[in-house]
Structure formats: C-alpha cells, structure tokens
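Undergrad: this one's sequence-less:
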C-alpha cells in the first residue's frame, strides 16, 4: 500500500537530483513568479480600500454595497 507513493517520491527526487538544464529553468521560473506576484503587485495593484476608507466599518459597508448592487444588476428575471 505504501510502496507506490515511495516509488513516486523516489522517481521525482532522482529526476530533480539529476537535472542540469532543468535547475536553471526552475530558477528562471521562480524569478518570474517573484516579479509577477511581488513587484507588479506593489506598482499596479494598490490597496483601494485602505487608501479610500479610514475604518474597517467603512470598508465593509463599501464592499457590501458593491456586492449587493452588482447582484441586483445581474438579477434580471
């Protein structure tokens, strides 16, 4: 029962251990992900609620208003 997961794990472990070009490609992938999620978020996706509302109650009211307004617009029977 535990033999299959052990074989699968050792297959991937040995594969990653013996990579030469693959290691460089994985490094490039991680750098691209870091740029996409960390750097771009800082510059292109500001925190709208934090900048436009002072309290959590105001933020919650705005979110509730937006959700209910869109639900009413889409609810065309």
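TA: Nice, thanks for sending it over. Since the model is a prediction, treat every value here as computed from it, not as a measurement.

Undergrad: got any ranges where this structure has weak pLDDT?
TA: 1, 76-77 (pLDDT under 70).

Undergrad: can you pull out the helices in it?
TA: 3-17, 21-34, 40-44, 48-52, 56-74 (DSSP state H).

Undergrad: now the first one against helix 21-34, angle please.
TA: Looking back up the chat, that one is helix 3-17. 90 degrees (axes from the mean of the first three to the mean of the last three CA atoms, to 10 degrees).

Undergrad: what residues does helix 3-17 touch?
TA: With CB atoms under 8 Å, 6 or more residues apart in numbering as the test, helix 3-17 has contacts from residue 22. C-beta: built from backbone N, CA, C; applies to glycine.

Undergrad: relative to residue 12, how far out is residue 43?
TA: 36 Å (CB to CB, to the nearest Å).

Undergrad: show me the contacts for the residue most central in space within the chain.
TA: With distances taken as CA atoms, centre = their mean, the residue of the chain nearest its centroid is residue 37 (7.3 Å). Taking CB under 8 Å, 6+ apart, we find residue 37 in contact with no residue.

Undergrad: going forward, the N-terminal residue is numbered 381.
TA: Got it, the first residue is 381 from now on, which makes the last one we talked about residue 417.

Undergrad: let me see the domain layout of this structure.
TA: Here the chain is described, according to automatic domain parsing, as comprising the domains 381-425, 426-457.

Undergrad: and the shortest one, how far out from the chain's middle?
TA: To tie it back to what came earlier, the one meant is domain 426-457. Distance of domain 426-457 from its chain centroid, counting by CA atoms, centre = their mean, to the nearest Å, is 22 Å.

Undergrad: burial of residue 400, as a residue count?
TA: Residues lying near residue 400 (other CB atoms under 10 Å) number 6.

Undergrad: residue 433 now?
TA: As a measure of burial, residue 433 has 15 neighbours, counting by other CB under 10 Å.

Undergrad: repeat for residue 439
TA: 15.

Undergrad: please determine how far it is located from residue 432.
TA: Applying CB to CB to residue 439 and residue 432 gives a distance of 9 Å.

Undergrad: just residue 443 next, same as before
TA: 12 Å.
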